Every structure is written in C-alpha cells, then in structure tokens.
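Q: Fold the following for me, if possible:
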Amino acid sequence: MIEIDHHQTHNGDGWMLSLRRTVDPEKLDSERHPLLIIPGYGMNSFIFGFHPRGTSMEAVLASHGFEVWSVDLRGQGRSRSVGGSLRYHLEDLVLYDVAAAVRFVVGTTKTRAKDLDLIGCSLGATMMFAHVVCQKEHHGRRLVNMGGPVRWVQVHPLLRVAFASPRVVEALPFRGTRHLARVALPALRRVPWLLSLYLHPSHIDMSRAGELSRTVENPNRHINADIARWMNLRDPMIGGRNIAEELKNIRLPLLTMVANADGIVPRATTLWPHETIGSPQKKVVEVGTDDEPMAHADMFIHDRAPERVFNPLGDWLSTES
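A: Numbering: from 1, shown residues only. All right, here's what the predicted structure looks like:
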C-alpha cells in the first residue's frame with residue numbers, strides 16, 4: 001500500500017516550497033538512496049503522482065523500493081510566497097529552490113543515505129545539471145535526464161519563433177493557463193496534429209483532461225525571457241557559470257530518457273548533455289515506437305508510460321551502482 005505525506009521547507013528567498021514523499025512501506029529499502037523528482041516549465045509535480053489509466057511514476061518507483069520525493073518549486077503546486085516576489089529567474093530556481101529541496105530531502109529522509117538521486121524532467125533536468133555544477137555540496141549520486149536541454153543544438157522552428165525576443169516574451173503575462181488546458185484538451189483530441197509536438201491524444205485517456213490540467217501552471221514571464229536569451233546564446237548561464245561548458249567536469253552516472261517523437265526538446269538537444277558529461281557510466285533509453293510514438297509529455301501520461309518509461313527507470317536505479 002502506497003503511503004504519501006506532504007512537507008514544506010523555506011527556500012531562503014521568500015517562498016515555502018512543497019514536497020511530497022511517496023513510499024511503499026512493505027518494499028522500502030532503507031539502504032537505497034532517496035529520489036528527488038524536479039518538474040519543468042509551466043508545470044508542477046502533480047503529474048508524477050497521477051496517471052490517467054495506470055500506475056503513477058511515483059508509485060512505480062516506490063514499488064522498486066525507493067523513497068520517492070517530488071518538489072514544487074516557487075510558483076508551482078502547493079508552494080506559496082511568504083514575502084517572495086513573482087519576479088524571479090531560472091537562476092533563482094537553481095540556486096535557491098533546488099538547493100533547498102535537496103538539503104531538505106537529505107536531512108529528512110528515513111533511509112540511511114547521505115546523498116540522493118536526482119530525476120530532472122524537461123526544464124527540471126536543466127536545473128538538475130546546473131545544481132550539480134554550481135553547488136560544491138550538491139549531494140547528487142546519480143542523475144536522470146527525462147527530455148531536458150542544456151545546449152540548444154537544435155530548436156523546433158515554432159519554439160524559435162515563440163522565444164525569438166526576450167523583451168517581447170517578458171512583456172507578456174500568462175494567466176488562466178490551467179483553465180484553458182481543462183477546456184481545450186478534450187476539443188483538441190479531434191485535431192491531434194496540433195498537440196503532437198507535446199503529446200499524442202490517441203494514446204492518452206483524454207476523458208481525464210480535468211485531472212491532467214492540474215499539473216499546468218502559468219508560465220512566469222521572467223523565466224520566459226531567460227529561456228529566450230538561453231536559446232539565442234545556446235548555453236544556459238547560471239551564477240555566472242556556463243553550465244554546458246562545465247558538464248564535462250561532472251562524473252556522476254547518468255541515465256538519459258529520450259521520447260522518440262519529442263517536438264519540444266528535439267532528440268539531438270536531449271542527447272547533447274549525455275554526450276558531453278564526464279561520467280564513465282552512461283545509458284540512453286529511447287521510449288516510444290513507430291506505432292505508438294511518445295512526445296514530450298507522453299513520457300508521464302502515455303498509456304504505455306508505466307511499462308516503457310517508469311519501470312525501465314526503476315530498473316536502472318535499482319541496478320546501477
């Protein structure tokens with residue numbers, strides 16, 4: 001039986017971050033390192049604990065004997081401002097939020113471990129890599145990149161247009177995104193090509209669009225400007241450091257999971273950190289088939305995600321030393 005409990009920690013910059021701990025008490029192995037899942041752009045951690053038709057990512061990983069943690073960074077999910085500003089940047093998420101979440105998990109875990117394994121999802125993977133580059137005591141033991149970019153070696157033309165001007169995207173506030181997703185998703189399944197960059201409705205239970213929309217957050221316009229500058233420069237700059245250039249100094253084991261039809265972060269861009277990192281222990285798992293392709297979000301909500309994504313992830317974490 002899966003057990004879930006909720007926690008909070010201050011990020012040191014005016015925000016209380018929300019964390020969720022998921023375990024299967026009968027299978028929990030206290031010798032294993034805890035896992036911390038970091039969400040990406042315009043989303044929160046809800047989707048890691050929910051699957052439209054099957055077992056959630058958190059539950060599958062807990063069934064492998066892990067203590068599983070997910071975090072909501074500022075502006076996500078249950079996290080809340082306690083005097084913190086809405087004007088924040090990608091650098092703040094890395095240097096304050098991810099660092100605070102890591103410290104909390106390491107200090108709170110009921111396992112015997114002193115470090116943890118990091119799972120970065122989309123932009124969450126970018127933040128994961130930046131964390132281990134920027135923090136001397138990063139507490140990372142192994143890394144998992146699920147569709148995340150570092151150097152933009154390839155950008156989809158639509159994204160290049162959308163993020164062409166940092167000044168323009170920073171001037172455009174986004175509101176009502178979750179409501180829009182709840183209303184639009186059921187209708188858009190009739191025109192699947194509009195969604196195919198991000199997900200494939202034919203392989204997802206779209207009758208649960210209301211629940212799926214709970215993972216959607218309003219994009220922060222200052223983060224949007226950061227992404228636009230990053231795409232123009234190709235490399236992310238965090239804390240005055242070029243994260244792409246410094247990846248070669250990181251020697252932590254890395255699993256890279258690539259969706260075969262990802263239109264948001266193209267295959268070449270997802271694989272770039274894998275090819276660059278200094279680790280001697282690396283593995284690529286490509287998910288999706290010609291008959292049942294997987295796009296960016298499909299890795300978490302596709303009908304086959306539990307067997308083709310979550311279980312292979314749990315197997316690698318269980319066997320890779």
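
Q: Which positions within the helix or strand where Gly210 lies qualify as buried?
A: Using DSSP states H and E, Gly210 falls within helix 209-212. By neighbour count on 16 or more other CB atoms under 10 Å, the buried set for helix 209-212 is 209, 212. To be clear about C-beta, it is placed using only N, CA and C from the backbone, and glycine gets the same treatment.

Q: helices and strands around that helix, which ones?
A: helix 177-188 (3 or more CB pairs under 8 Å, 6 or more residues apart in numbering; DSSP states H and E).

Q: Excluding its own residues, what touches the helix or strand where Arg21 lies? List them.
A: Counting by DSSP H and E, the element that carries Arg21 is strand 15-23. Outside strand 15-23, the residues within contact range by CB atoms under 8 Å, 6 or more residues apart in numbering are 2-11, 45, 49, 58-59, 61-62, 66-74, 76-82, 84, 96-97, 100-101, 104-105, 108.

Q: taking those residues one by one, which sit in helices?
A: 58-59, 61-62, 100-101, 104-105, 108 (DSSP state H).

Q: In JSON lines, list these along with distance to Ser279, pLDDT and neighbour count.
A: Below are those laid out as JSON lines (distance: CB to CB, whole Å; pLDDT from 0 to 100; neighbours: other CB atoms under 10 Å):
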{"residue": "Glu58", "distance to Ser279": "26", "pLDDT": "99", "neighbour count": "27"}
{"residue": "Ala59", "distance to Ser279": "29", "pLDDT": "98", "neighbour count": "20"}
{"residue": "Leu61", "distance to Ser279": "21", "pLDDT": "99", "neighbour count": "27"}
{"residue": "Ala62", "distance to Ser279": "26", "pLDDT": "99", "neighbour count": "25"}
{"residue": "Ala100", "distance to Ser279": "25", "pLDDT": "99", "neighbour count": "22"}
{"residue": "Ala101", "distance to Ser279": "22", "pLDDT": "99", "neighbour count": "27"}
{"residue": "Phe104", "distance to Ser279": "26", "pLDDT": "99", "neighbour count": "20"}
{"residue": "Val105", "distance to Ser279": "22", "pLDDT": "99", "neighbour count": "26"}
{"residue": "Thr108", "distance to Ser279": "27", "pLDDT": "98", "neighbour count": "14"}
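
Q: circling back to that earlier point, list the strands paired with the strand holding Arg21, with their directions.
A: strand 3-10 (antiparallel), strand 68-72 (antiparallel), strand 80-81 (antiparallel) (DSSP bridges).

Q: any chance of these in TSV, with mean neighbour count and mean pLDDT too?
A: Below are the strands paired with strand 15-23 laid out as TSV (neighbours: other CB atoms under 10 Å; pLDDT from 0 to 100):
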stretch	mean neighbour count	mean pLDDT
strand 3-10	13	98
strand 68-72	27	99
strand 80-81	13	97
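
Q: of all these, which lies closest to Thr276?
A: Thr276 lies closest, by CB to CB, to one member of these: strand 68-72, at 25.7 Å.

Q: what's in contact with that closest one?
A: 17-23, 34-39, 44-45, 48-49, 58, 61-62, 78-79, 97-98, 101, 105, 116.

Q: let's see it at 6 Å
A: Around strand 68-72, the neighbours that count as contacts under CB atoms under 6 Å, 6 or more residues apart in numbering are 18-22, 34-37, 44-45, 48, 58, 61-62, 78-79, 101, 105.

Q: relative to helix 99-108, how tilted is it?
A: 150 degrees (axes from the mean of the first three to the mean of the last three CA atoms, to 10 degrees).

Q: can you pull out the strands in the stretch 201-321 of the chain?
A: Along the stretch 201-321 of the chain, counting by DSSP state E, counting those that start in this stretch, strands occupy 237-238, 241-242, 254-259, 282-287.
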